[in-house]
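Enquirer: give the three-dimensional model of this entry:
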Amino acid sequence: MRSSSTTKILVGLVLGIAAGALVHRVNDNAELLLWLAVPSKIFLALIKCIVAPLVFTMLVVGIGGSHDVRQLGRMGVRTIGYFLVVTTLALLIGLLAVNLVQPGAGVALPADADVGAAAKKIAQDAVELTAQQHLINVVPTSIVRALADNEVLQIVVFGLLFAVAVLSIGDKGRPVVEVCQSVASAMFVFTGYVMKLAPLAVGCAIAETIGRSGFDVLGRLALLVATLYGALLVFYALVLLPIALWARLPLRRFLRLVREPALLAFTTTSSEAALPKALENMERLGVPRRVVGFVLPLGYSFNLDGSTLYLSLASVFVAQAAGRQLSVGEQVAMLATLLLSSKGIAAVPRASLVVLAGTLAQFHLPLTGVALILGVDVLMDMARTATNVIGNCLASCVIARWEGVLGEPTGDSRGDEGG
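Expert: Down below sits the predicted model:
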């Protein structure tokens with residue numbers, strides 16, 4: 001029987017966990033760990049070379065091929081409004097969870113001398129991440145550089161302006177739209193080829209992680225990790241599920257189509273790895289290309305539900321570990337700061353940790369908290385990245401329903417077959 005690609009990825013995950021446990025028991029495993037990282041790095045490199053052309057061409061096809069600029073503006077306002085509401089709810093749930101569970105109580109922060117090079121680099125990046133630089137970074141100085149560096153937000157900004165320009169020249173722009181349509185179709189086929197490597201990449205990625213750190217990576221921070229996972233489950237139950245019901249989505253089919261990109265995001269801790277498949281599967285659910293091509297890439301910079309929830313939780317966790325009681329006013333101010341600073345930083349390496357470090361500095365909390373969290377960040381990154389992907393897939397469906405264009409499902413009715 002032909003197994004679904006999701007089943008193959010799950011098998012790869014299980015085998016990877018078993019292999020990682022064996023590798024961790026090997027005394028001198030440094031060389032083996034380097035080889036284990038190769039397949040996942042190759043897979044992610046191939047995915048990254050898909051993202052930029054796919055995002056750009058889908059924006060041009062979706063917007064340049066439409067005939068109503070006012071409809072585009074209305075969809076943009078609705079999309080940004082939706083993003084603000086949902087990410088604010090995510091921040092609030094994170095704050096409530098960390099205040100209720102108190103995972104930082106009794107946890108000792110490391111001394112400054114114990115802070116590693118990685119934590120110091122993150123703190124330095126946070127110093128450079130000013131509000132002014134946020135705005136400047138949104139606009140590309142070179143679209144070639146933005147495409148080469150996979151700066152998704154910059155590609156979206158340029159793509160939006162270029163697509164509106166194509167739309168404004170009428171019939172003269174049709175050849176451009178047709179070329180972009182052909183490129184997008186070819187990139188979806190290319191995605192199918194790359195996805196055949198996903199089970200091997202996922203297995204090797206999880207094997208490398210466990211082989212390096214072992215299962216005792218949780219240690220004293222187990223309560224922090226458990227609090228995050230619990231808060232995310234509450235977010236699903238109280239926010240995402242009611243939204244899906246309100247939008248009258250076919251839940252079983254939506255879950256079937258979203259599970260593969262979500263699993264990819266969870267195991268690789270990379271939203272980019274899931275983006276091509278998420279774009280393809282939401283189209284199969286009935287979201288028009290002009291909607292999914294607009295909402296999903298924009299959501300990768302402005303609708304990071306899992307990351308924003310994590311940030312509010314982690315910030316208060318560091319305050320608790322430092323023995324500082326934050327007032328309600330300070331927590332509200334922190335929420336507002338995170339709501340703004342978490343937008344548009346998806347392309348920053350270790351973006352969530354950079355924003356966390358910047359927030360800690362602004363509220364005069366010890367940056368050594370970043371070093372403490374680094375030990376279990378990969379476990380939390382898995383959950384928040386998968387939530388980011390699920391939240392953005394749902395957002396594309398909601399906006400399509402809001403616009404009255406969520407159509408009948410297309411393609412393979414099973415929705416999760418590979419190839």
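Enquirer: remind me which residues of the protein are low pLDDT?
Expert: For the chain, the stretches with pLDDT under 70 are 1-4, 6, 65-69, 108-135, 213-220, 340-351, 354, 371, 375, 408-419.
Enquirer: output the contacting helices and strands for the one helix or strand L313 maps to.
Expert: Per DSSP states H and E, L313 falls inside helix 305-321. If contacts are counted by 3 or more CB pairs under 8 Å, 6 or more residues apart in numbering; DSSP states H and E, helix 305-321 sits against helix 69-101, helix 222-235, helix 328-341, helix 351-362, helix 368-374, helix 377-402. The way it works is simple: take the backbone N, C-alpha and C, and place the C-beta from them, glycine included.
Enquirer: what's the spacing between the first one and its chain's center?
Expert: A distance of 15 Å separates the C-alpha centroid of helix 69-101 from that of its chain, computed with CA atoms, centre = their mean, to the nearest Å.
Enquirer: which one is S396 nearest to, not counting chain neighbours?
Expert: Excluding the flanking residues, the one nearest S396 by CB to CB, 6 or more residues apart in numbering is V295, at 4.2 Å.
Enquirer: for L153, same thing?
Expert: Per CB to CB, 6+ apart, closest to L153 is S301, 4.1 Å.
Enquirer: residues touching T87, list them.
Expert: F302, N303, L304, D305, T308, L339, S342 (CB atoms under 8 Å, 6 or more residues apart in numbering).
Enquirer: would you turn the helices and strands packed on helix 305-321 into JSON lines with distance to L34?
Expert: Converted to JSON lines, the helices and strands packed on helix 305-321 look like this (distance: least, CB to CB, whole Å):
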{"stretch": "helix 69-101", "distance to L34": "36"}
{"stretch": "helix 222-235", "distance to L34": "27"}
{"stretch": "helix 328-341", "distance to L34": "35"}
{"stretch": "helix 351-362", "distance to L34": "24"}
{"stretch": "helix 368-374", "distance to L34": "21"}
{"stretch": "helix 377-402", "distance to L34": "17"}
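Enquirer: of all those, which lies closest to P140?
Expert: For the helices and strands packed on helix 305-321, the distance to P140 is smallest for helix 351-362, at 17.9 Å, taking CB to CB.
Enquirer: and that closest one with helix 377-402, angle?
Expert: 100 degrees (axes from the mean of the first three to the mean of the last three CA atoms, to 10 degrees).
Enquirer: list the buried residues for helix 351-362?
Expert: A351, S352, L353, V354, V355, L356, A357, G358, T359, L360 (16 or more other CB atoms under 10 Å).
Enquirer: next one: stretch 15-24
Expert: L15, G16, A19, G20, V23, H24.
Enquirer: so what does whichever strand or helix holds V51 touch, helix or strand wise?
Expert: Per DSSP H and E: V51 is located in helix 30-59. Judged by 3+ CB pairs under 8 Å, 6+ apart, the packing partners of helix 30-59 are helix 5-24, helix 143-148, helix 152-168, helix 174-195, helix 198-213, helix 251-268, helix 271-285, helix 289-302.
Enquirer: surely V292 meets E280?
Expert: No: look at V292 against E280 with CB atoms under 8 Å: they stay out of range, at 9.1 Å.
Enquirer: those two: who's more crowded?
Expert: V292 (27 against 20; other CB atoms under 10 Å).
Enquirer: so who does that one touch?
Expert: V292 sits in contact with M58, G62, L279, M282, E283, S396, A400, where contact means CB under 8 Å, 6+ apart.
Enquirer: which one of these is nearest Q331?
Expert: Checking the contacts of V292 one by one against Q331 (CB to CB), the nearest turns out to be S396, at 31.7 Å.
Enquirer: count of neighbours near the closest one?
Expert: Neighbours around S396, by other CB under 10 Å: 26.
Enquirer: now for it: which residues touch it?
Expert: Contacts of S396 by CB under 8 Å, 6+ apart are M282, V287, V291, V292, V295, L296, G299.
Enquirer: now these as JSON lines including distance to A207?
Expert: Formatted as JSON lines, these follow (distance: CB to CB, whole Å):
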{"residue": "M282", "distance to A207": "31"}
{"residue": "V287", "distance to A207": "35"}
{"residue": "V291", "distance to A207": "38"}
{"residue": "V292", "distance to A207": "33"}
{"residue": "V295", "distance to A207": "35"}
{"residue": "L296", "distance to A207": "30"}
{"residue": "G299", "distance to A207": "31"}
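Enquirer: greatest separation within those: which pair is it?
Expert: V287 and G299 (12.5 Å).
Enquirer: test my guess that Q331 contacts V98.
Expert: No: between Q331 and V98 there is no contact under CB under 8 Å: 9.5 Å.
Enquirer: anything in contact with each of these two?
Expert: V316.
Enquirer: between these two, who's got more neighbours?
Expert: The residue with more neighbours, out of Q331 and V98, is V98; 25 against 18, by other CB under 10 Å.
Enquirer: follow-up on the earlier one: closest one of the buried residues of stretch 15-24 to S182?
Expert: G16 (37.0 Å).
Enquirer: OK, contacts around the closest one?
Expert: Contacts of G16 (CB under 8 Å, 6+ apart): V202, G203, C204, A205, I206, A207, I210.
Enquirer: ditto for L365
Expert: Counted by CB under 8 Å, 6+ apart, L365 has contacts S315, V318, A319, A322, R324, T359.
Enquirer: out of those residues, who's the most crowded?
Expert: Neighbour max across the contacts of L365 (other CB under 10 Å) = S315, 28 neighbours.
Enquirer: redo the contacts of G16 as JSON lines? Include neighbour count and distance to T267.
Expert: Shown next, in JSON lines, are the contacts of G16 (neighbours: other CB atoms under 10 Å; distance: CB to CB, whole Å):
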{"residue": "V202", "neighbour count": "27", "distance to T267": "4"}
{"residue": "G203", "neighbour count": "26", "distance to T267": "9"}
{"residue": "C204", "neighbour count": "25", "distance to T267": "10"}
{"residue": "A205", "neighbour count": "27", "distance to T267": "6"}
{"residue": "I206", "neighbour count": "26", "distance to T267": "6"}
{"residue": "A207", "neighbour count": "28", "distance to T267": "11"}
{"residue": "I210", "neighbour count": "21", "distance to T267": "12"}
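Enquirer: turn those into JSON lines, including distance to T88.
Expert: Below are those laid out as JSON lines (distance: CB to CB, whole Å):
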{"residue": "V202", "distance to T88": "33"}
{"residue": "G203", "distance to T88": "37"}
{"residue": "C204", "distance to T88": "38"}
{"residue": "A205", "distance to T88": "32"}
{"residue": "I206", "distance to T88": "33"}
{"residue": "A207", "distance to T88": "38"}
{"residue": "I210", "distance to T88": "36"}
